[in-house]
Each structure stands twice: as structure tokens, then as C-alpha cells.
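# build me a model:
(one chain, ligands or ions: 1)
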Amino acid sequence: MSRRFVLAFDQGTTSSRTVVLDADATVCDSASLEFPQIYPHPGWVEHDPEVIWETQCATAFSAMDKAGITASQVAAIGITNQRETTVVWDRATGRPIHNAIVWQCRRTVDACQRLLDEGLGETIQDRTGLVVDAYFSGTKLQWILDHVPRARQRAARGELCFGTIDSWLLYKLTGLHATDFSNASRTMLFNINSLAWDDTLLDAMAVPREILPSVAPSSQIYGVTRAFGAEIPVAALCGDQQSALFGQTGFSPHDCKNTYGTGCFALMNTGAEVAKSRHGLISTIAWGLDGRVEYALEGSVFIGGAVIQWLRDELGLLQSAAESEGVAAQVPDTGGVYIVPAFSGLGAPHWDMQARGTVTGLTRGSNRAHLVRAALESIAYQSADVLDSMRADSGAEIPQLRVDGGAAANNLLMQHQADVLGIPVVRGKVIETTALGAAFLAGLGVGLWGCADDLRGVWREDRVFEPRWDDSLRAERLDGWRRAVAMTSPQSAG
Ligand code: ADP
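Next up, the predicted model:
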């Protein structure tokens, strides 16, 4: 029987999802299941690893069922995952010794401050490409080892396994303990220059080497699983944002994608070189493929589509997020109104945790449509600030921006993004780019596609938004935006 389907496991923060694709990378069907978020204390977030596994499995069965296929027709499984979320389990029994500590969890802020107080900030940035933050796995793993009785001794004896969600799912599928370069680069323990776990960092976070997974390319046959009734090779592991860049066929240096979800995540391929950021971005491994790794610059906007949820849920200006497009289109511009949704501070490139949101330029004539439009435009302006940092750090012009995520469906927002950036914004037909990336990597791993270049032909465009503003209009609007951003800082009030 010919094996011509790929299963992409997209294990996200709020749901587990499986997408079935065929050899033309067409989505045949999908299934997803939400699972509970666990909040043991304010600011702490956990997941039950067993529930992650159960929901992932259930969606795989259900997606295959909906697509009318069986495991014997599946050429490969590719896994893409919420990044940084940390699991520790017993190597012999496979039982987690604690709930997964989710990337959003802030419980290790003090541990990060201690690393900074010890003067390790620069070393960590040089070696891992990351800024010291509770977001990454290292201090989460340290916390579990410190708080679960006998965990550190057991870890040193090799009785425990640490993994991010890719490793956890791989272990459940195959019994193997491994991760890929893209996920390893988010742990704050992995040296992205030497491509090895870093002893200085392991010492700093008191992590025994015996607990760590082996690190492998993102696309290769890791092993086979028998979980679905017939043997299927597991042939890709890749963190979700890197997988989305791959799914957008961002294979060449300076290729860029931006994902418009609750927040926005922009990544720029920087090729075989680590691009060090001087403008508040993170350097990360994009993927390991064909015997080498490629790197990326990454910047995130905390409040992206969430500003539209705020208009809907807190201000009651909208019934649904989709309605924002029609309402904003009732006016030709915002009439000079700017919203800066710095609800929880500002991320890259401003990094101002004290900043708070602001609305500027209100007049007696400002109405609902102006505010909705200003909120949509704020998503594009914030993303443009991140992409400007990428231009500055890489010294390169960005030829075009590929887009995905829920809010990328908004044509007015995408047009504004093209206008602000002055480059074309390109939306693909398959909006499940994260899953597409994992499917591409898995298909390459088993030879369903010959090489990455074959995939450029498989990727299909939906719509291109060409920039329409001249330079003076762009300068004027960006000037208004920058003035509004300056108003968010508490210092500017004094
Ligand atoms: P996530 O993966 O972060 O949950 P999604 O990719 O599902 O996010 O996108 C959902 C976000 O996009 C929400 O914040 C929502 O407000 C916003 N959104 C969805 N559709 C639209 C739209 N048509 N216009 C503007 N924003 C939208």
C-alpha cells in the first residue's frame, strides 16, 4: 500500500492538533482538542503531560478517521510544539514527576535575577542567543529539580529525563529520549555556536548532564511508533515558530515571516551564521537539516490580536474579531488616533516592562471606527518595529513578508502592514503554516520530497498586498506612532 500522507502533530499551548496532508502538501483533514490550563498560583501555569499525550493521540486517530486513512498509509509523523515548556519524567516508568511548567509561567523570575546578579547575562546571551528570562526552560528545569524530593540525586543517576514537549511526545511514541536543534536552542542550556549542551550553563542552573536528551537534526527518522496500528516513522521535531518559518518556505537568508495570533512572532532566516542582535531580538536555531543548522532572529509582540479581543471583551466595541475589518473600513484612516496596547509592557525592540497602554490624538470627532482602525494598525506598527530591528541587526533589506495566524485573515490589517513596511506582504493558501512546516520536515526526512527547493513549488500563494504609501506619508504616520509609543513610558509622564 502506498504511503502518501503525512501527519503533522501541532501541540500548542491551549490545544493539541493533528493535520493530515497528502504528497502535494494539501490539507486533507484535521482534528483538535483543547485541554485544561492549570494555575496553581497567580502567574504560574502548568499542563498535565499525560493529558497532552492523550489529547495528541486522540486527535491523530480522529484526523485519520476524518480523512478516511489508516496508519499504514502514513509515510511519516512530524511534531511541532509549544516551545520552552518543561517536562521531567521517570526514564523507567515514563511517568512525569511533576506537571509540565509552561513557557508563560513566571515562577522562576527570581532564579533569573540571580543569574543576572552573578554576572551571567552576557555569557548566556553569547552562548544561547537568548536574554535571561523565566520564559526559557533552564530555570524551569532547575525549579523541578529543587522542588521534587530526591529529583536531583535521581537525575544524576540517570533515572530521569528532561524534555520540551517535542521530546516528551517522541518518548511516548518511540521510547527514545531526544530533541532537535530548534527546541534545544530555547532551553538556555544549549550553546548555539558549538551545538552542544554548555557545562557553564548546566553548572549555573545546577542541571546534571545525565537528564538531558540527545540533540539531533529537525528532519530525520528518529524512530518508529506503533501507537496507531501500523509502524510509522517519526521524522521531524521542530519548535512552532521555526516550523512556521519552514512552512512559509523561508529557507534563504533574510526570508521573513510574521505570525499574527494573540501575540505576534516574527522570524528572519539568517542562514549559517548566528546574527547577534543589538536591537533587542533573540538569536535562535531555525532548524537542523542536510547536515547543518540554520539560524534566525526572532522578535515578539506581546499584544497582537489580543488588542482586538480587548475591544470586543473589555470595551464592547465589537461582536467578533472578524467584524473589526468592516468597522475599520468605514473610515479612510484613524483621523490621527493611535493606540499603543502596551498592556503588559512593551517587548522588542523597546523592552520597557513599566510601559502601559495609551490612546493619543483623540478629537471630538473620533468614533468607534477610528478606534477599531487604530487598534488594528497598532498590530502592524508594533510588528514593523520588530522588523526594523531585524533590518538593522542583519544589515539587509527584507524583500517581502510572509504572513500567517488568525489575524492574518484581516485584509485591512495586512494592507496596512504592507504600507507601513513599504514591502509586499504575502499570504499563503494554507494558513496552518506551523503544521505545514512539520509536515515538510517529516516528508523530507522520509524522502517524500527530495529537497527543500522542491517545496517552494508546493507552497501556494493566496494574496499579495502591495505597499501603497509614498515615503512622506510613511514618515508622517510612523512619526505619529513613535510619539504615541514615547507616551507609554512612565518617564515621559514626569
Ligand atoms: P493563537 O494561536 O495565539 O491562539 P490565532 O492564530 O488563533 O491565535 O488568532 C487569534 C487572534 O487573532 C485573536 O487574538 C483574535 O482577536 C485575532 N483575530 C482573529 N481573527 C481576526 C480578524 N479577522 N481580524 C483581526 N483579528 C483577528
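
# for the chain, what's the longest strand?
Selection of the longest strand in the chain by residue count, based on DSSP state E, yields strand 292-301.

# describe which strands that one pairs with in its sheet and in which direction.
Applying DSSP bridges to the sheet, strand 292-301 is found paired with strand 264-271 (antiparallel), strand 282-289 (antiparallel).

# does the first one reach the ligand?
No - contact check for strand 264-271 against the ligand, using Cβ under 6 Å from any ligand atom: none in range, with a minimum separation of 9.1 Å. Just so you know, the C-beta spots here come from the backbone N, C-alpha and C atoms, and that holds for glycine as well.

# for the stretch 251-400 of the chain, what spans make up the strands?
Taking DSSP state E, counting those that start in this stretch as the criterion, the stretch 251-400 of the chain contains strands spanning 256-260, 264-271, 282-289, 292-301, 338-340, 358-360.

# residue 326: neighbour count?
Residues within reach of residue 326, counting by other Cβ atoms under 10 Å, total 12.

# one more: residue 330?
Residue 330 has 12 nearby residues by other Cβ under 10 Å.

# same deal with residue 7?
29.

# show me the shaky parts of this protein.
In the prediction, the chain carries residues with pLDDT under 70 at positions 1, 491-494.

# show me which residues of it sit near the ligand.
Going by Cβ under 6 Å from any ligand atom, the residues of the chain near the ligand are 261-262, 305-306, 308-309, 321-322, 324-325, 405-407, 409-410.

# among those residues, which one has the most neighbours?
Ranked by neighbour count under the definition other Cβ under 10 Å, these are headed by residue 308 with 29 neighbours.

# all strands of the stretch 1-150 of the chain, in order?
Per DSSP E, counting those that start in this stretch, the stretch 1-150 of the chain carries strands over the ranges 5-11, 15-22, 27-34, 46-47, 74-81, 87-90, 100-101.

# how far out from the middle of the chain is the first one?
Okay, so that is strand 5-11. When distances are taken as Cα atoms, centre = their mean, to the nearest Å, strand 5-11 is centred 17 Å away from the chain's centroid.

# for residue 429, which of the strands of the stretch 251-400 of the chain is the nearest?
When the strands of the stretch 251-400 of the chain are ranked by distance to residue 429, counting by Cβ to Cβ, first place goes to strand 256-260 at 14.9 Å.

# so what's residue 49 up against?
Residues counted as contacts of residue 49 (Cβ atoms under 8 Å, 6 or more residues apart in numbering) are 87, 89, 96, 99, 100, 168.

# in TSV, list those residues along with distance to residue 342 and neighbour count.
What follows is the contacts of residue 49, written out as TSV (distance: Cβ to Cβ, whole Å; neighbours: other Cβ atoms under 10 Å):
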residue	distance to residue 342	neighbour count
87	33	27
89	39	23
96	37	20
99	31	20
100	30	28
168	35	31
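
# the nearest residue to residue 432 once chain neighbours are set aside: what's it in contact with?
Leaving aside its chain neighbours, residue 432 sits nearest to residue 19 (5.8 Å; criterion: Cβ to Cβ, 6 or more residues apart in numbering). With contacts defined as Cβ under 8 Å, 6+ apart, the neighbours of residue 19 are 7, 8, 10, 27, 29, 30, 63, 432, 435, 436, 439.

# who are the contact partners of whichever residue of the stretch 351-494 of the chain sits closest to the ligand?
Nearest residue of the stretch 351-494 of the chain to the ligand: residue 406, at 2.2 Å (Cβ to the nearest ligand atom). Contact criterion Cβ under 8 Å, 6+ apart gives 260, 261, 305, 321 as the residues in contact with residue 406.

# tell me, how many residues neighbour residue 412?
The local packing count at residue 412 equals 19, with neighbours defined by other Cβ under 10 Å.
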